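J.: The following comprises the amino acid sequence and a computationally predicted model.
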Amino acid sequence: MQIPAPTRQRPTIADVARAAGVSTTTVSHALNGKGYVDARTRERVKEAARVLGYRPSVRAQRLRTGEARTIALISSMPFEIAGGASRLGFLMEVAAVAAATALTRGLALVLVPPLMAGRLPLEQLDIDGAIVIEPTADDANVAHLQERGLPVVCLGRQPANDAVPYVDIHSSATAELLLRHLKDQGCRHIALLIGAQQRNSYIESRACYQTFCAEHGMQPIIAVADESGGEAAGQDACNALLRGHPQIDGLCALVDAFAVGAVQALLEARRQVPYDVRVVTRYDGTRARSCRPPLTAVDLHLDDVASQAVALLFDHLGGNRDARHCVVPSRPELVIRESSVAPAPSAV
């Protein structure tokens, strides 16, 4: 048996087959112990593989057996929103439960943080499927996963793409919960601040807000900010709102980074929170709790969301492609803090 000298290029199963004088199927059977291969041929194949430095592709083996072992959890939010003061809270809260749920199904979980967004690290990851958190309409990660033919599940529906299975995160119900709370606290001029990106949570919240305003005879006041600007973008958007609509007495800023920036803008404009303007946000994370004053937010029950997402992805990994979406049974719950409720006057 003549074996060519190893090259810098990674050897393939075809290289081993040529060196050993057998078929690629025989190489596969000889190396993984499946099928019948006589002892002498098996040793010849193993020797060829050793000399060439060939290592079987773990992913190829998994594809043949149909046994998935690694999935990825991807945040589509930019680092300016998901990182910084937020400390990747949303991603890590989902990841903690997703990892535990995945392990019970024999899966390992790989985190793809937002810092890597846009660089598509997925190209170098050996995964069998992925969960994408709140994708945009043109999300590059979802497109890449689909091009590779890998199962993908989204937390929140991807706009204009019903082909991707998703977990419904109650965006409309969350927006209505926040708006109704502001109205109950006496707000009559409520503004909505959302991201400029095309995410389903923004689309549903805008529609809910417009319906809410029509039902209660309020003038819709909507501002948008680019997520890449983080807290500064929220501050700028709030300043613009105050210039154009000084009568604002309530602000629903869906993104916690925007809400923190808005509070800073209000303080600099000498508008007290919550006395002059009451402020609420969506995600009850580190930013909401550490803001001064602390922000009223929503418990999204991310533990249930994560469990549902892993279960849905597992179905697709197992070949059940009929499951399209699921709804988290736990409804969002309001977490009331100082930013939206003025304390009762103390007795003299």
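T.: Noted; the coordinates are in hand.
J.: any chance you could map the strands in this structure?
T.: Ranges of strands in the chain, per DSSP state E, are 70-75, 108-112, 130-133, 152-155, 166-168, 190-195, 221-225, 250-253, 278-283, 296-299, 325-327, 333-335.
J.: For the ones you listed, give me CSV that also has distance to residue 312 and mean pLDDT.
T.: Placement of C-beta: from N, CA and C, glycine included. Listed next are the strands of the chain as CSV, based on distance: least, CB to CB, whole Å; pLDDT from 0 to 100:
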stretch, distance to residue 312, mean pLDDT
strand 70-75, 11, 91
strand 108-112, 15, 90
strand 130-133, 9, 94
strand 152-155, 5, 95
strand 166-168, 7, 95
strand 190-195, 25, 98
strand 221-225, 31, 98
strand 250-253, 30, 98
strand 278-283, 22, 97
strand 296-299, 22, 98
strand 325-327, 6, 80
strand 333-335, 23, 97
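J.: Out of those, which is closest to residue 205?
T.: strand 190-195 (6.1 Å; CB to CB).
J.: Count the residues that sit near residue 263.
T.: 26 (other CB atoms under 10 Å).
J.: Distance-wise, check it relative to residue 143.
T.: In this view, residue 263 and residue 143 are 36 Å apart by CB to CB, to the nearest Å.
J.: for residue 30, same thing?
T.: From residue 30 to residue 143 the distance is 39 Å (CB to CB).
J.: Mind checking which of those two has more residues around it?
T.: residue 30 (25 against 14).
J.: what about stretch 55-72, start to end distance?
T.: 23 Å (CA to CA, to the nearest Å).
J.: Kindly report the same for stretch 246-261.
T.: 17 Å.
J.: can you pull the buried residues of that stretch?
T.: Within stretch 246-261, the residues that count as buried by 16 or more other CB atoms under 10 Å are 248-261.
J.: same thing with stretch 231-240?
T.: 231, 233, 234, 235, 236, 237, 238, 239.
J.: Excluding covalently adjacent residues, which one is nearest to residue 146?
T.: Computed as CB to CB, 6 or more residues apart in numbering, the closest residue to residue 146 that is not its neighbour in sequence is residue 152, at 6.7 Å.
J.: and the one you found, how far is that from residue 112?
T.: From residue 152 to residue 112 the distance is 12 Å (CB to CB).
J.: between those two, which one's more packed in?
T.: Ranked by neighbour count (other CB under 10 Å), residue 152 and residue 112 place residue 152 first, with 27 against 24.
J.: about what we covered before: can you tell me which of the buried residues of stretch 231-240 is nearest residue 191?
T.: residue 238 (8.6 Å).
J.: My guess is that closest one contacts residue 260. True?
T.: No: if you go by CB atoms under 8 Å, residue 238 and residue 260 don't touch, sitting 10.4 Å apart.
J.: Residue 132: neighbouring residues, count only.
T.: So residue 132, with other CB under 10 Å, has 25 neighbours.
J.: could you measure it against residue 30, distance?
T.: 39 Å.
J.: Roughly how far does residue 293 sit from residue 211?
T.: Residue 293 is 29 Å from residue 211, by CB to CB.
J.: Check the closest residue to residue 12 other than its chain neighbours and give its pLDDT.
T.: Nearest residue to residue 12 in three dimensions, chain neighbours excluded: residue 54, at 7.5 Å (CB to CB, 6+ apart). With respect to pLDDT, residue 54 scores 83.
J.: which residues touch residue 54?
T.: Applying CB atoms under 8 Å, 6 or more residues apart in numbering, we find residue 54 in contact with 11, 12, 13, 15, 16, 48.
J.: my guess is residue 133 meets residue 94, correct?
T.: Yes: if you go by CB under 8 Å, residue 133 and residue 94 touch, sitting 6.5 Å apart.
J.: Touching both of the two, which residues are there?
T.: In contact with both residue 133 and residue 94: 73, 155, using CB under 8 Å, 6+ apart.
J.: Skip the chain neighbours and tell me the closest residue to residue 189.
T.: residue 247 (4.7 Å).
J.: who touches both of residue 152 and residue 112?
T.: Common neighbours of residue 152 and residue 112 (CB under 8 Å, 6+ apart) are residue 130.
J.: Run through the bridge partners of residue 335.
T.: Counting by DSSP bridges, residue 335 forms beta bridges with residue 297.
J.: Pretty sure it sits against residue 296.
T.: Yes: applying CB under 8 Å, one finds residue 335 in contact with residue 296, separated by 6.6 Å.
J.: picking up where we left off before, what sits against the residue nearest to residue 146?
T.: Residue 152 makes contacts with 129, 130, 131, 132, 142, 145, 146, 164, 165, 313, as judged by CB under 8 Å, 6+ apart.
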